[in-house]
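Student: fold the stuff below for me.
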Amino acid sequence: IRLTKKDLSGTVNGASGGDVSLTNGTKISLPANGIVKASDNSSYTGTVNVFAAYIDPTAADISSRVPGSFMAIDKNGKRVFLSSYGMMAVELESSTGEKLQVKPGNTATLTSPIPSSIQATAPATIALWYIDEKTGLWMEEGTATKQGSSYMGTVKHFSFWNCGIGVPAVTLSATLKTSAGQPLV
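Tutor: Residues are numbered from 1 along each chain as shown. Prediction:
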């Protein structure tokens, strides 16, 4: 398991909204008057600290970087395995460290770069998935569209987000036996 460093990527005014960009092209766009305190959903118009990290799905150590695994539940309730085209972690906090979220009824826009080695296979539209922190499974919620060499989509809350394709999961059962035909424990 590898931890993702929590770096302050930028700040935005909660009343006016705005953008925070990472050096690789990842971008988080927050709406004007669209942020609330996570504790009670009350409006928040002060400084919004945006902590964000891009997770490259083509990295050699991706299996230790991805939260949970690549197992997911699609919008139809089916278990699938994700083929990822880009992930990011996003957290919002007030200047005093209070957790913030997108105001109900509002959305934020995420822009996620597509690694160059998989751009040729990147579909025009892709599902968006967030990690359910209780189950460790990715849950499908929304779509993103390809804009040049990035995906752009809207989200209703912040967490880890993944631009990915759900492929059917395979269930395999086997009984291993000794050369004498006895099942192994």
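
Student: please count neighbours and contacts with C-alpha atoms only from this point.
Tutor: Noted.

Student: show me the contacts for the residue nearest the centre of the chain.
Tutor: Centre of the chain computed as the mean C-alpha position; nearest residue by CA atoms, centre = their mean is W161, 1.0 Å away. Going by CA atoms under 8 Å, 6 or more residues apart in numbering, W161 touches 87-90, 128-131.

Student: so in terms of bridging, what pairs with it?
Tutor: When bridges are taken as DSSP bridges, the partners of W161 come out as M88, Y130.

Student: distance of it relative to T145?
Tutor: The gap separating W161 from T145 is 14 Å, by CA to CA, to the nearest Å.

Student: show me where the chain has its strands.
Tutor: For the chain, the strands defined by DSSP state E cover 8-13, 18-21, 27-30, 35-37, 47-55, 71-73, 79-93, 99-102, 108-113, 125-131, 138-147, 150-155, 160-168.

Student: packing partners for the fourth one?
Tutor: Strand 35-37 sits against strand 99-102, with contacts defined as 3 or more CA pairs under 8 Å, 6 or more residues apart in numbering; DSSP states H and E.

Student: now the strand it packs on: mean pLDDT?
Tutor: Regarding strand 99-102, the rounded mean pLDDT is 97.

Student: coming back round to it: could you dump the strands of the chain into JSON lines with distance to S179 added?
Tutor: Shown next, in JSON lines, are those (distance: least, CA to CA, whole Å):
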{"stretch": "strand 8-13", "distance to S179": "59"}
{"stretch": "strand 18-21", "distance to S179": "60"}
{"stretch": "strand 27-30", "distance to S179": "58"}
{"stretch": "strand 35-37", "distance to S179": "63"}
{"stretch": "strand 47-55", "distance to S179": "45"}
{"stretch": "strand 71-73", "distance to S179": "35"}
{"stretch": "strand 79-93", "distance to S179": "34"}
{"stretch": "strand 99-102", "distance to S179": "59"}
{"stretch": "strand 108-113", "distance to S179": "52"}
{"stretch": "strand 125-131", "distance to S179": "44"}
{"stretch": "strand 138-147", "distance to S179": "41"}
{"stretch": "strand 150-155", "distance to S179": "53"}
{"stretch": "strand 160-168", "distance to S179": "34"}
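
Student: return the helix or strand in the chain with minimum mean pLDDT.
Tutor: Across the helices and strands of the chain, mean confidence by mean pLDDT, DSSP states H and E is lowest for helix 62-65: a mean of 87.

Student: buried stuff in that helix?
Tutor: Across helix 62-65, burial judged by 16 or more other CA atoms under 10 Å covers R65.
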